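> From the sequence below, what's the structure:
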Amino acid sequence: MNKNIHTFLGFESPYDEASIVVYGSPFDGTTSFRPGTRFAPAIMRQESYGLETYSPYLDMDIIEDAAIFDGGDLDLPFGNTERVLDMIHEYAQRVVSDEKVPVMIGGEHLVSYPAIKAVFEKYPDLHIVHFDAHTDLREDYMGERLSHATVIRRVWELVGDGRIYQFGIRSGEKVEFEWAKAHTSLTKFDCTGLDKAVESLKGKPVYVTIDLDILDPSVFPGTGTIEPGGITFKEMMSAIGMLKGLNIVGADVVELSPHYDQSGTSTAVACKVLRELLLAIACK
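This next block holds a predicted model:
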């Protein structure tokens, strides 16, 4: 593993010494509305240089308090979704086998599936904490089983009932909400009950997937499928803070489409969310 030259927040740890590995999956081949998430990893690295390494939320410095390696972006092919997923799985699998925590920058939400699969293969008792505006529980989308609209349904096929906690959900088909009642723990609109979920997850392996469109468009307009009625930035910071101390064995931040927000605000928000998530992981 060679260190990426253009790193997020100047991460300098060599691979062998790092406990956390950041990597990008620049793919948006199944995006159902506005594409562009494939540009997120590179732009987040570029814009991260305007972000302080110290977090006043968690009272930690990401350079001093965490050993993180940035492996850069995977060189993913266009037009071959299954090959893309295989490549992400292979990379995450290697990171996990080396006893490190893979943290992915997406990309659309489908990229979470192979990453979660790799982590699940090592931790069969894996639980998922899912922040999102959308259910992502469809059996298929326009006949395709592999889609960013089906990703959590595919994850459920791996982990089964009682292992997936969904927060902030405010969009999806009625059948998805009905299906969730029997198979996942789904909280509409906000993160109510996250504290109780965290308490129940202590000591268990956890994968955290953050679809940034959980945030209200007034905070985060730079995404492909905007859903009004989302949480505030402060609520997002509070939610991540609650994760501190969990055994987080994998994570991702997905669905930034930076060019839909020319102000750069959405990218700055995404960078800060990633910084806080990395620090929460380092706390375990």
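> can you pull out the helices in the protein?
For the chain, the helices defined by DSSP state H cover 40-47, 81-97, 112-122, 151-159, 174-183, 194-201, 233-242, 265-282.
> Just put the ones you listed in JSON lines and tack on mean pLDDT and distance to residue 253.
From N, CA and C alone the C-beta is placed, and that goes for glycine too. What follows is these, written out as JSON lines (pLDDT from 0 to 100; distance: least, Cβ to Cβ, whole Å):
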{"stretch": "helix 40-47", "mean pLDDT": "97", "distance to residue 253": "8"}
{"stretch": "helix 81-97", "mean pLDDT": "97", "distance to residue 253": "14"}
{"stretch": "helix 112-122", "mean pLDDT": "98", "distance to residue 253": "10"}
{"stretch": "helix 151-159", "mean pLDDT": "98", "distance to residue 253": "14"}
{"stretch": "helix 174-183", "mean pLDDT": "98", "distance to residue 253": "23"}
{"stretch": "helix 194-201", "mean pLDDT": "98", "distance to residue 253": "17"}
{"stretch": "helix 233-242", "mean pLDDT": "98", "distance to residue 253": "10"}
{"stretch": "helix 265-282", "mean pLDDT": "98", "distance to residue 253": "5"}
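> Please enumerate the strands of the stretch 1-150 of the chain.
Taking DSSP state E, counting those that start in this stretch, the strands of the stretch 1-150 of the chain run over residues 20-25, 54-55, 60-61, 68-73, 101-106, 127-131.
> closest one to residue 177 among those strands?
Distance to residue 177, taken as Cβ to Cβ, is lowest for strand 127-131 among the strands of the stretch 1-150 of the chain, at 14.3 Å.
> Contacts for the closest one next, please.
By Cβ atoms under 8 Å, 6 or more residues apart in numbering, the residues outside strand 127-131 that reach it are 116, 136, 152, 155, 159, 163-168, 191, 194, 197, 201, 204-211, 214, 236, 239, 243.
> List the strands paired with that strand, with their directions.
strand 164-169 (parallel), strand 205-211 (parallel) (DSSP bridges).
> Next, the angle from the last one to helix 112-122.
In this case it means strand 205-211. Angle, strand 205-211 to helix 112-122, by axes from the mean of the first three to the mean of the last three Cα atoms, to 10 degrees: 180 degrees.
> then strand 205-211 to PDB, C-alphas only?
Output of strand 205-211 as PDB, limited to C-alpha atoms (Å, rounded to 0.1, in the frame of the first residue of the first chain):
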ATOM      1  CA  PRO A 205     -18.900  -4.800  15.700                       C
ATOM      2  CA  VAL A 206     -20.600  -1.800  14.000                       C
ATOM      3  CA  TYR A 207     -20.500  -0.400  10.500                       C
ATOM      4  CA  VAL A 208     -21.600   3.200  10.100                       C
ATOM      5  CA  THR A 209     -22.800   4.400   6.700                       C
ATOM      6  CA  ILE A 210     -23.700   8.100   6.400                       C
ATOM      7  CA  ASP A 211     -25.600   9.200   3.300                       C
END
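> Other residues contacting it?
With contact meaning Cβ under 8 Å, 6+ apart, strand 205-211 is reached by 109, 112, 115-116, 119-120, 123, 125-134, 136, 243, 246-255, 273, 277.
> coming back round to it: for residue 224, find the nearest of the strands of the stretch 1-150 of the chain.
Comparison of the strands of the stretch 1-150 of the chain against residue 224 by Cβ to Cβ identifies strand 101-106 as nearest, at 11.1 Å.
> Nearest residue to residue 19 in space, please, no chain neighbours.
Spatial nearest neighbour of residue 19, chain neighbours left out: residue 67 (5.1 Å); criterion: Cβ to Cβ, 6 or more residues apart in numbering.
> how close does that neighbour get to residue 13?
From residue 67 across to residue 13, the span is 4 Å (Cβ to Cβ, to the nearest Å).
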